[in-house]
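K.L.:
sharing a model that was predicted from the sequence below.
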Amino acid sequence: MTIHALIADDEALSRRVLRQLLARHADVVVTAECSNGAETIAAIATPGLDVAFLDVCMPLASGLDVACGGVRPLVVFVTAFDDFAARAFDVDAVDYLLKPIDDDRFDAAVDRVRERVRLRRLDAARAEAVTGSSARTTPPYLRQLVARVGQREIIVPLDDVELLRADDVYVDVHAKGRRHVVRTSLDALERVLDPAQFLRVHRSFIVPIARMREYFSLYNIGAIIAHSPGAKAYFDRMPGVRLDATHGALHVYTVEGESSYFLAGSGRVVERGHNRLTLSDLVGPEVVLKYHYVPGMASDPPVRIDGVRMLDDPNPFVRIKEPPPRLRLYMP
């Protein structure tokens with residue numbers, strides 16, 4: 001198996017170091033080198049490219065800009081700055097390497113790339129096989145998923161699926177309150193799902209369209225953000241949803257009608273802002289909010305805040321025990 005790689009860095013010395021490190025791997029061929037973001041955006045569309053080793057800070061466009069632009073190859077960031085690590089993994093980077101590059105650490109990153117490329121090609125072959133055979137015998141879209149549990153295979157009907165979430169090179173399948181792992185990538189799975197039944201709303205999430213209204217009922221606190229063209233097209237057609245603002249690839253919608261922030265207890269929202277929420281008239285021995293719990297949340301006055309799982313959601317919601325009548329929540 002040959003892996004085709006691109007190197008992008010505005011420093012010639014850094015490009016040479018990457019070339020030398022990759023030369024030790026006989027199955028990796030460097031097919032392009034770029035010295036700025038504009039060159040990289042043009043070169044990264046080359047058919048057959050498997051991985052791009054990107055510097056974060058480059059002229060004309062950063063490595064993050066390149067990766068956020070719908071890039072199809074795998075991405076490994078190589079940079080002198082550790083400030084961008086969280087954003088790097090938001091764009092599904094294989095790895096984030098800091099300069100000066102440690103040889104063993106670099107080799108480990110290449111091993112990860114090698115495995116991801118192998119699985120991508122296997123997924124592509126499977127998808128092609130499904131598409132090719134289905135034209136003769138069956139509809140072109142899957143009707144069920146197969147998950148492995150130990151030595152057993154579990155059949156998960158697509159009608160039971162509540163959420164599909166990317167987990168590195170695999171997919172977490174949430175169905176009937178249980179979690180299964182399917183050994184394929186979200187990209188490959190998306191190609192064999194009926195687009196009339198499933199919608200990719202984010203790089204990491206696919207949801208059943210039939211459950212979209214249910215999700216709005218659960219999470220509706222007045223606004224929705226569409227992360228993908230498919231989600232935007234769906235929300236544009238949905239009654240009672242209005243496009244309010246566009247920020248790059250993100251589209252912010254307002255949901256018409258009364259919104260509730262409470263899953264348990266009751267109260268009023270008197271102020272809502274970035275990383276803060278002020279509540280008043282709180283009633284009940286505990287209040288559960290339609291916000292996912294994040295460790296480190298604080299309040300004024302100080303109260304006990306923890307997370308509670310409800311409604312088969314894989315993430316815990318914010319729970320406040322014995323709330324005072326008025327409370328401000330915030331992230332320090």
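P.N.:
Perfect, thanks for sending it.

K.L.:
and the longest strand for the protein?
P.N.:
Looking across the chain with DSSP state E, the single longest strand is strand 276-292.

K.L.:
need the contact partners of it.
P.N.:
218-221, 260-272, 307-308, 310, 315-331 (CB atoms under 8 Å, 6 or more residues apart in numbering). C-beta here means a position set from N, CA and C on the backbone, and glycine is covered the same way.

K.L.:
paired strands for the next helix or strand after that strand, with orientation please.
P.N.:
Past strand 276-292, further along toward the C-terminus, the next helix or strand under DSSP states H and E is strand 298-300. Applying DSSP bridges to the sheet, strand 298-300 is found paired with strand 327-330 (antiparallel).

K.L.:
next, count neighbours for the spatially closest residue to residue 182 that is not a sequence neighbour.
P.N.:
When the adjacent residues along the chain are set aside, residue 182 lies closest to residue 171, with 4.6 Å between them (CB to CB, 6 or more residues apart in numbering). Using other CB atoms under 10 Å, residue 171 has 24 other residues around it.

K.L.:
for whichever strand or helix holds residue 171, give the mean pLDDT please.
P.N.:
Taking DSSP H and E as the criterion, the element that holds residue 171 is strand 170-175. In this model, strand 170-175 has an average pLDDT of 86.

K.L.:
how about stretch 317-327, which residues are buried there?
P.N.:
By 16 or more other CB atoms under 10 Å, the buried positions in stretch 317-327 come out as 317-320, 323, 327.

K.L.:
dump the C-alpha coordinates for that stretch into CSV.
P.N.:
Included here for stretch 317-327 are C-alpha records, laid out as CSV according to Å, rounded to 0.1, in the frame of the first residue of the first chain:
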residue,chain,number,x,y,z
PHE,A,317,-27.5,17.6,31.6
VAL,A,318,-26.9,20.3,34.2
ARG,A,319,-28.6,19.5,37.6
ILE,A,320,-28.8,21.9,40.5
LYS,A,321,-29.7,20.6,43.9
GLU,A,322,-31.8,22.7,46.3
PRO,A,323,-31.6,25.8,44.1
PRO,A,324,-32.0,29.3,45.6
PRO,A,325,-34.7,31.5,44.0
ARG,A,326,-32.2,33.3,41.9
LEU,A,327,-28.9,31.9,40.5
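
K.L.:
who's in contact with that stretch?
P.N.:
263-265, 267, 278-282, 284-293, 297, 299-301, 303-310, 329.

K.L.:
list buried residues within those.
P.N.:
Among these, those classed as buried by neighbour count (16+ other CB under 10 Å) are 263, 265, 267, 278-279, 282, 287-291, 293, 297, 299, 305, 307, 329.

K.L.:
now the helices: where do they sit in the stretch 51-200 of the chain?
P.N.:
With helices called from DSSP state H, counting those that start in this stretch, the stretch 51-200 of the chain shows them at 63-67, 85-90, 103-134, 186-191.
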